[in-house]
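Participant: how would this look folded up:
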Amino acid sequence: MRHAGIDVSKSTLAIALLESLRTADVPNTKAGIDRIAQVLGEEPIRVVIEATASYGFDLASALARMPNVELMVANPRATRNFARSTRQRGKTDRTDSLMLARFASAMEFVPWTPPTASALELRDVMRRRKQLADQKAAEKKRLVELRSQQRPNPIVVEDLEDHIKHLEGRIVRLEQQALSVGRQDPWLDTWRQQLISVPGVANVTALAVISELACLPPDMDARQLTAFAGLDPQPWQSGTMDAKRRISKRGNKRLRTALFLAAWNATRFSPHVAAWRDRLIQRGKAPKVATIAVARRLLHAFVAMRDREQSWDGDAFHPLAA
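Facilitator: Numbering: from 1, shown residues only. Alright, predicted model coming up:
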């Protein structure tokens, strides 16, 4: 069995074949992905790539369809630990791809299971819904600004109002379609029901969270999920300046927005969540920082509810004082 590793970046796919030590770079485009089949050859081969936010998904889907390819989408933490164990010093796309090829040969190989068609459809529908919701918010802001003028143009006001109404109708249709897709898949529907058992979390927020998480590898740990959502704290230091830590915001913005909304509403409607946030504020955390902490904790709770097949348990989140 041959082994290969592919390092994925936004613009480039770096390929390394372990047995021949051959390397190649192709663009991370449809044409580039089509060329990978020629690089890998026709003989059976095991390929490892790392789980990334989005840049590697089309590649993984294409590799999974190749009859001679066995694909593993490895946990980045596992590959990072493997690189340290082999004392890899430099870090380039090519050295990383060769490290992944060695990983494919040396470590237990776990074949990748692609996301279900329902999970992919739900993600597409909810992402489109988010795009239209952003357009609606921008149009409403323009309408408010226009009405604040002394002599707003009535034609423009009417056009904005019509467009907002049109967007609202399309958003409702997409929400209905997302709910229908989720209900047709027992796994997605069970998870949705678990999430809406959280006080303050309704169907739209639950589906927004699920749509971004359902396509991820199931073995991602809490730290990786936090980083994927961009909720991981990062230091900000330069010279003598040492600012307070803030979240990186480098992850999935759609998921992060949905989690913030869930945190805001859960704080209003769940006494357990509100008590935990209040305790953070009493310890000196700023209200905004406390809300971010709630979003991060809810993310972990949502995944735990799925894995344990449980609905919301407020006491497990934070027991109330007797």
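Participant: make it CA atoms for all contacts and neighbour counts henceforth
Facilitator: Fine.
Participant: once you drop chain neighbours, what's closest to residue 211?
Facilitator: The shortest distance from residue 211 to any non-neighbouring residue, by Cα to Cα, 6 or more residues apart in numbering, is to residue 123 (4.4 Å).
Participant: check contacts around the one you found.
Facilitator: 208, 211, 212 (Cα atoms under 8 Å, 6 or more residues apart in numbering).
Participant: with only the CA atoms kept, save the host helix or strand of the second one in CSV.
Facilitator: When you say that, I think you mean residue 211. Under the criterion of DSSP states H and E, residue 211 resides in helix 203-213. The C-alpha trace of helix 203-213 is given here as CSV (Å, rounded to 0.1, in the frame of the first residue of the first chain):
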residue,chain,number,x,y,z
ASN,A,203,-35.3,26.4,15.7
VAL,A,204,-33.5,29.0,13.6
THR,A,205,-30.6,29.3,16.1
ALA,A,206,-30.5,25.6,16.6
LEU,A,207,-30.3,24.9,12.9
ALA,A,208,-27.7,27.6,12.4
VAL,A,209,-25.4,25.9,15.0
ILE,A,210,-26.1,22.3,13.7
SER,A,211,-25.5,23.3,10.1
GLU,A,212,-22.0,24.4,10.8
LEU,A,213,-21.1,21.6,13.2
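Participant: one step back: helix, strand or coil for the residue nearest to residue 211?
Facilitator: Here residue 123 is recorded as helix under DSSP: H, G, I helix; E, B strand; the rest coil.
Participant: those helices in the stretch 101-250 of the chain, which residues are they?
Facilitator: 117-147, 154-184, 186-195, 203-213, 222-228 (DSSP state H, counting those that start in this stretch).
Participant: tell me which of the ones you listed sits most buried.
Facilitator: Mean neighbour count (mean count of other Cα atoms under 10 Å) peaks for helix 203-213 among the helices of the stretch 101-250 of the chain, with a mean of 23.
Participant: any idea of the mean pLDDT for it?
Facilitator: Here helix 203-213 scores 96 as its mean pLDDT.
Participant: that one packs against which elements?
Facilitator: Applying 3 or more Cα pairs under 8 Å, 6 or more residues apart in numbering; DSSP states H and E, one finds that helix 203-213 contacts helix 117-147, helix 154-184, helix 186-195, helix 253-269.
Participant: among the ones you listed, which comes closest to residue 78?
Facilitator: Nearest to residue 78 among those is helix 253-269 (24.0 Å), distances taken as Cα to Cα.
Participant: what sits up against the next helix or strand after the closest one?
Facilitator: Using DSSP H and E, the helix or strand that directly follows helix 253-269 along the chain is helix 271-282. Identification of contacts with helix 271-282 by Cα under 8 Å, 6+ apart yields 266-268, 287, 290-291, 293-294, 314-315, 317-320.
Participant: show the subsequent helix or strand relative to helix 271-282.
Facilitator: Using DSSP H and E, the first helix or strand after helix 271-282 is helix 287-308.
Participant: poorly predicted segments of the chain, please.
Facilitator: Residue ranges of the chain with pLDDT under 70: 52-54, 89-90, 234-250, 322.
Participant: same thing but 50
Facilitator: The model of the chain has pLDDT under 50 over residues 237-238, 240-243.
Participant: look up phi and psi at residue 92.
Facilitator: Taking degrees, to the nearest 10, you get phi -130, psi 170 for the backbone angles of residue 92.
Participant: now it: how far from residue 13?
Facilitator: Residue 92 sits 12 Å away from residue 13, taking Cα to Cα, to the nearest Å as the criterion.
Participant: over to residue 251?
Facilitator: Residue 251 sits 20 Å away from residue 13, going by Cα to Cα.
Participant: so what's residue 198 up against?
Facilitator: Residue 198 makes contacts with 266, 270, 311, 312, as judged by Cα under 8 Å, 6+ apart.
Participant: one more time with 7 Å
Facilitator: Contacts of residue 198 were listed using Cα atoms under 7 Å, 6 or more residues apart in numbering, and they are residue 312.
Participant: per-domain residue ranges of this protein.
Facilitator: The chain breaks down by automatic domain parsing into domains covering 2-106, 117-213, 222-317.
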